[in-house]
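**Student:** whatever this is, show me its structure:
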Amino acid sequence: MELVQYTVRKLIAGIPLIFGVTLISFLLMVYFGPDKTYELLGKNPTPEQIEEIRAQLGYDKPVVERYFIYVKELATLDFGNSESTGEKVNDLLARTIPVSLLLVTPGFILGNLLGIAFALIAARYRGGWVDKTIMGLSAVGMSISFLIAIIAFQLLLSSNYGLGWFPVRGWSTDTPLDYLRYVTVPTLATVFVALGYNTRFYRAVIVEELTRDHVRTARAFGVPPLKLLSVHVLKNCMIPIITRIVFSIPLIVISGSLLLETYFGIPGVGKVAYDAITTGDQPVLKAVVGWTAILFVFAQLLTDILYRAADPRISLNGSSE
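**Tutor:** Next up is the predicted model:
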C-alpha cells in the first residue's frame, strides 16, 4: 500500500518536469526548427497556397494552442503520423525502440560491470602502480571521442584493412549468431568510451567509502580484502551507483544510440530521431522528447524504490528510518 501511494505521489510530482521539458523543446522546434511550408510547395507559390499549407501543418494556430495540442497528444500518447514517411508515430517507435534496446543494452551492462570491477581493483591498490595504470587508461579512454572510437573499431574489426570479422554496416537479429555479428563492434566502441568515465566515477565513490569508520574497524578486525570490498564497501556504495545507472537509461536509449545507429545504418529510434531532426519531422521529434521526459519520471521512481531495496533504512518518504 505504501509503495502504491508513493508511486502515485511520485508520478504526480513528475508532471512539472514533463511540462518543463516538453515546453522548452516545443518552443525550440517552433522558433528554430525548419519550416516545411516551402518544402511542400513548388516554385513561386501564391499567398493562398502558402496559407493553405500552413493551415494543414497547423502553423497558423497560436503557439499556446499548438503547445496544448502537443500536451493532449502526450496525454493520449497519440502523436499522429510522421510527416516524412506517413507512418503512425506510435508504430514507428514500437518498431524501432526494441532495436535500440538490443543495440545498447550489452554495452551499457558491460560498461558498468567492468567499470565497477576496475574501480574496485584500483581502490584496493590505491596509490600503487595498478591504480595509476587503471586511472591513466581511463583518462585515455575519456579523451577519445565516441566517433573516433567507432571508426577505429570498425576499421580494425570490420574493414578489409583490418580483420574483417564483422559486417561494416547494417543490422540483423534473425539468429543469435547474426545478432552477435552486428552488435559486437558497436558494443566494443560503447564499452571503450564508457569504461573510462564509469571507472573514475565508481573509484571515487569506493575510495570515499573506504575512509568510513566502519571500514577501518572491519579492517582492524582482520576482515579479508575481498570480503571488505564486496560486503562492507560495495554494498554501501549502491546508492550513487544506482543513481548513475538508472538515470543513464533514458539517455542511453535515445541519445546513446543516435550516433551508433546513424553511423552503422541501424534502424533504431536514434536513427529515427536523427532523421526527424534533419527533416524537421515534428510529430516524431515531439514523441521522442515526450517519451524521454516520461522515462526520466519513471527513472526517478525506480531509483527511489531501488534505494529502499539497497538500504532498508531509507524510507520511501525520503527520510532515514
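
**Student:** list the contacts of the residue of the chain positioned farthest from its centre.
**Tutor:** The C-alpha centroid of the chain is most remote from residue 46, which lies 45.1 Å away (Cα atoms, centre = their mean). By Cβ atoms under 8 Å, 6 or more residues apart in numbering, residue 46 lies in contact with nothing. The C-beta positions use only the backbone N, C-alpha and C, and glycine is treated the same way.

**Student:** how much space between it and residue 54?
**Tutor:** Residue 46 sits 13 Å away from residue 54, going by Cβ to Cβ, to the nearest Å.

**Student:** with residue 301 instead?
**Tutor:** On the measure of Cβ to Cβ, residue 301 and residue 54 end up 41 Å apart.

**Student:** next: residue 206.
**Tutor:** Note on residue 206: its distance to residue 54, by Cβ to Cβ, is 58 Å.

**Student:** can you check residue 190 too?
**Tutor:** Plainly put, residue 190 is 42 Å away from residue 54 if you go by Cβ to Cβ.

**Student:** higher neighbour count, those two?
**Tutor:** residue 190 (27 against 16; other Cβ atoms under 10 Å).

**Student:** ramachandran coordinates for that one?
**Tutor:** phi -60, psi -50 (degrees, to the nearest 10).

**Student:** pull the number of nearby residues for residue 55.
**Tutor:** 11.

**Student:** then residue 83?
**Tutor:** Residue 83 has 19 nearby residues by other Cβ under 10 Å.

**Student:** what sits against it?
**Tutor:** Applying Cβ under 8 Å, 6+ apart, the residues near residue 83 are 36, 279-284.

**Student:** quick one, helices of the protein?
**Tutor:** 2-13, 15-32, 47-57, 63-76, 89-124, 129-143, 146-157, 176-210, 213-220, 225-227, 238-251, 257-264, 269-279, 282-310 (DSSP state H).

**Student:** how about these in JSON lines, adding mean pLDDT?
**Tutor:** Shown next, in JSON lines, are these (pLDDT from 0 to 100):
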{"stretch": "helix 2-13", "mean pLDDT": "64"}
{"stretch": "helix 15-32", "mean pLDDT": "73"}
{"stretch": "helix 47-57", "mean pLDDT": "74"}
{"stretch": "helix 63-76", "mean pLDDT": "80"}
{"stretch": "helix 89-124", "mean pLDDT": "87"}
{"stretch": "helix 129-143", "mean pLDDT": "86"}
{"stretch": "helix 146-157", "mean pLDDT": "84"}
{"stretch": "helix 176-210", "mean pLDDT": "87"}
{"stretch": "helix 213-220", "mean pLDDT": "77"}
{"stretch": "helix 225-227", "mean pLDDT": "75"}
{"stretch": "helix 238-251", "mean pLDDT": "81"}
{"stretch": "helix 257-264", "mean pLDDT": "82"}
{"stretch": "helix 269-279", "mean pLDDT": "82"}
{"stretch": "helix 282-310", "mean pLDDT": "77"}
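
**Student:** got those as CSV, with distance to residue 169 columns?
**Tutor:** Below are the helices of the chain laid out as CSV (distance: least, Cβ to Cβ, whole Å):
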stretch, distance to residue 169
helix 2-13, 41
helix 15-32, 30
helix 47-57, 34
helix 63-76, 34
helix 89-124, 13
helix 129-143, 24
helix 146-157, 9
helix 176-210, 9
helix 213-220, 49
helix 225-227, 44
helix 238-251, 24
helix 257-264, 5
helix 269-279, 12
helix 282-310, 23
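
**Student:** of all those, which lies closest to residue 168?
**Tutor:** Nearest to residue 168 among those is helix 146-157 (6.6 Å), distances taken as Cβ to Cβ.

**Student:** show residues contacting that closest one.
**Tutor:** Contacts of helix 146-157 (Cβ under 8 Å, 6+ apart): 161-166, 168, 184-186, 188-189, 192-193, 259-260, 263-264.

**Student:** try it again with 6 Å
**Tutor:** 161-163, 165-166, 185, 188-189, 192-193, 259, 263 (Cβ atoms under 6 Å, 6 or more residues apart in numbering).

**Student:** same check on stretch 129-140?
**Tutor:** With Cβ under 6 Å, 6+ apart, stretch 129-140 has contacts from 118, 122, 125, 196, 199-200.
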